[in-house]
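**Student:** Here is a sequence together with a model predicted from it:
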Amino acid sequence: MKTLTLAAAALFAFATSADAALITSASLLTPQAARGAITTPIDLTGIKTPSSAPIATSAYGIAFVTPNDQGVVRGAAAGRHAIPVAGVANGSPQYLVGNLGGPLTTDPGQSGNYFSTDGAGSSITIIFASGQTSFALLWGSIDTTNRLSFEALDGTVQDVLTGSEVQALARNFAGNGFQGAGGSAYVATTASTAFRRVVLSSGTVSFEAAALTGSDKPFVVPEPMSLALLGGSLAGLGLIARRRRA
């Protein structure tokens, strides 16, 4: 069973359920590693783009089933991929320069590398050297057909998170596949069973993702001061919704 919980506009969303197979949060706030967590960031900096060449490190490997102009990319390409939006400053979209928690820029030309899949049949697979229980990413221009699969080392699918589900976590989501502010979100998941593989795929062009990071402990999503002050009154204001799917 999967439990997803929505809280407060597009600024803060969280899920809590002791028996959930996958607990998911979506937010415009950067997830932070829990104290004492061992994290495994997927480092895309320094890769000449575009690239669909396999990547191998001591902590993870990455396999691409993508065209040559997809895989690890940089910048935007009309009809192919758009830079994930990491925040907003004075009404302008902000973009990540590097990895999770890194600096932001409003200059698209200074934005960093990110993943981009093609349509049906395309995929990007991350294979971790050790089991992970949590995973965070900046999910760009979220499409309903985007699919994030969590798998055992042998490829057995343990759980799946779809773009439709992530869209439902944000009340102010701008629209399917929207490429500006309001169309992207930081997503953090915690699984009840450790996974070794994470697969990004999409039925249409494309699934864009940056700041991908695995962890052996749940990520912490900061709470905006405005929400902290509201506290328990959120439920009374009707800003918390829950849905369950068997």
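**Tutor:** That came in fine, so what should we check first? Quick caveat: nothing in here was measured; it's all calculated off a predicted structure.
**Student:** what number of residues lie near T49?
**Tutor:** With neighbours defined by other Cβ atoms under 10 Å, the count for T49 comes to 15. The way it works is simple: take the backbone N, C-alpha and C, and place the C-beta from them, glycine included.
**Student:** got a list of what it touches?
**Tutor:** If a contact means Cβ atoms under 8 Å, 6 or more residues apart in numbering, then T49 has V72, V73, R74, N113 as its contacts.
**Student:** Redo those as TSV? Include pLDDT, neighbour count and distance to L22.
**Tutor:** Putting the contacts of T49 into TSV (pLDDT from 0 to 100; neighbours: other Cβ atoms under 10 Å; distance: Cβ to Cβ, whole Å) gives the following:
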residue	pLDDT	neighbour count	distance to L22
V72	99	21	26
V73	98	25	28
R74	98	20	30
N113	98	24	27
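**Student:** The residue positioned nearest the centre of the chain is in what secondary structure piece?
**Tutor:** Centroid check for the chain by Cα atoms, centre = their mean gives L137 as the closest residue, at 3.0 Å. In this structure, L137 sits in strand 123-140 according to DSSP states H and E.
**Student:** got the buried residues for stretch 104-116?
**Tutor:** L104, T105, S111, G112, N113, Y114, F115, S116 (16 or more other Cβ atoms under 10 Å).
**Student:** pull the helix or strand with minimum mean pLDDT from the chain.
**Tutor:** helix 233-236 (a mean of 28; mean pLDDT, DSSP states H and E).
**Student:** gap between A56 and G183?
**Tutor:** From A56 across to G183, the span is 33 Å (Cβ to Cβ, to the nearest Å).
**Student:** more neighbours, the two?
**Tutor:** When A56 and G183 are compared for neighbours, G183 comes out ahead with 23 against 10, by other Cβ under 10 Å.
**Student:** Please tell me the pLDDT value assigned to that one.
**Tutor:** For G183, the pLDDT comes out at 88.
**Student:** Same question for H81.
**Tutor:** For H81, pLDDT reads 97.
**Student:** For it, which non-adjacent residue is closest in space?
**Tutor:** S116 (3.8 Å; Cβ to Cβ, 6 or more residues apart in numbering).
**Student:** For the one you found, give me its contacts.
**Tutor:** T66, Q70, G71, V73, R80, H81, S206, F207, E208, A209.
**Student:** separation between it and T45?
**Tutor:** Distance, S116 to T45, using Cβ to Cβ: 16 Å.
**Student:** P84 too?
**Tutor:** P84 is 15 Å from T45, by Cβ to Cβ.
**Student:** These two: who's more crowded?
**Tutor:** Neighbours were counted for P84 and for T45 using other Cβ under 10 Å; P84 has more, 28 against 11.
**Student:** Tell me if I'm right that A211 and A136 touch.
**Tutor:** Yes: using Cβ atoms under 8 Å, A211 is in contact with A136, at 7.0 Å.
**Student:** and for the two, which residues touch both?
**Tutor:** Contacts common to A211 and A136, judged by Cβ under 8 Å, 6+ apart, are L100, Y186.
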